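K.L.:
Have a look; sequence and predicted model below, questions after that.
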Amino acid sequence: MNNLEIERKFLVVDDSYKQIAISHYTIIQGYICRESGHTVRVRLKSDSNGQNAAYLTIKGRPAAGMLSRFEWEEEIKWKDAKQLLTLCQGNIIEKTRWLIPAAEEGLLWEVDEFHGHKEGLTIAEIELTAEDQSFIIPSFVGIEVTGDRQYYNSNM
């Protein structure tokens with residue numbers, strides 16, 4: 001199991017990603033703990049085919065100036081995740097995630113279109129295998145917000 005997450009995050013400038021998306025699904029998530037940059041997240045994921053999955057995720061805080069951080073995630077029972085959501089602090093996040101192939105083999109853009117209290121916000125993320133990995137930025141991607149805490153899901 002790889003317990004390292006390296007991602008870059010960007011604002012989205014238009015919805016052209018929807019025409020090239022290979023799939024999408026809905027996410028409902030909340031945070032049981034948000035302490036000093038460390039988080040414990042509960043997530044419910046549903047696709048248009050009625051497939052449901054639930055996850056418990058623990059993330060560490062990135063070191064100063066670094067893009068990588070510890071991440072541990074395990075699938076859990078749907079009913080357990082629904083119960084755990086009742087323990088969450090702050091807002092419950094609702095979003096649609098769109099998956100878009102990147103120009104580079106093996107990379108994938110994840111575009112999150114937020115609903116509810118963050119309606120109108122759309123963020124694109126790309127998970128990398130190395131902090132210095134290069135990639136092509138598609139036309140729907142705008143300014144980079146990697147490291148800007150206001151765009152951390154745990155702060156929304």
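P.N.:
Arrived safely, thanks for sending.

K.L.:
Report how many residues lie close to Leu44.
P.N.:
20 (other CB atoms under 10 Å). In this view, the C-beta of every residue, glycine as well, is placed from N, C-alpha and C.

K.L.:
Next: Glu131.
P.N.:
11.

K.L.:
so Asp112 is in which element?
P.N.:
In this assignment (DSSP states H and E), Asp112 forms part of strand 108-115.

K.L.:
mind checking the longest helix of this protein?
P.N.:
Longest helix in the chain by number of residues, with DSSP state H as the criterion: helix 78-85.

K.L.:
buried residues in that one?
P.N.:
81, 84-85 (16 or more other CB atoms under 10 Å).

K.L.:
So for it, mean pLDDT?
P.N.:
Taken as a whole, helix 78-85 carries a mean pLDDT of 97.

K.L.:
For it, name the packing helices and strands.
P.N.:
Counting contacts by 3 or more CB pairs under 8 Å, 6 or more residues apart in numbering; DSSP states H and E, helix 78-85 packs against strand 23-35, strand 38-47, strand 52-59.

K.L.:
Try it again at 6 Å.
P.N.:
Counting contacts by 3 or more CB pairs under 6 Å, 6 or more residues apart in numbering; DSSP states H and E, helix 78-85 packs against strand 38-47, strand 52-59.

K.L.:
Could you export stretch 138-152 as PDB, CA atoms only?
P.N.:
Below are the C-alpha coordinates for stretch 138-152, written out as PDB (Å, rounded to 0.1, in the frame of the first residue of the first chain):
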ATOM      1  CA  PRO A 138      -5.800  21.500 -19.900                       C
ATOM      2  CA  SER A 139      -7.800  24.500 -21.100                       C
ATOM      3  CA  PHE A 140     -10.500  24.100 -18.400                       C
ATOM      4  CA  VAL A 141      -7.900  24.600 -15.600                       C
ATOM      5  CA  GLY A 142      -7.200  28.000 -14.200                       C
ATOM      6  CA  ILE A 143      -5.000  29.300 -11.400                       C
ATOM      7  CA  GLU A 144      -3.200  27.000  -9.000                       C
ATOM      8  CA  VAL A 145      -4.400  26.900  -5.400                       C
ATOM      9  CA  THR A 146      -2.200  24.000  -4.100                       C
ATOM     10  CA  GLY A 147      -1.400  24.800  -0.500                       C
ATOM     11  CA  ASP A 148      -4.100  27.500  -0.200                       C
ATOM     12  CA  ARG A 149      -6.000  26.300   2.900                       C
ATOM     13  CA  GLN A 150      -9.300  27.900   2.000                       C
ATOM     14  CA  TYR A 151      -9.500  25.300  -0.800                       C
ATOM     15  CA  TYR A 152      -8.900  22.300   1.500                       C
END
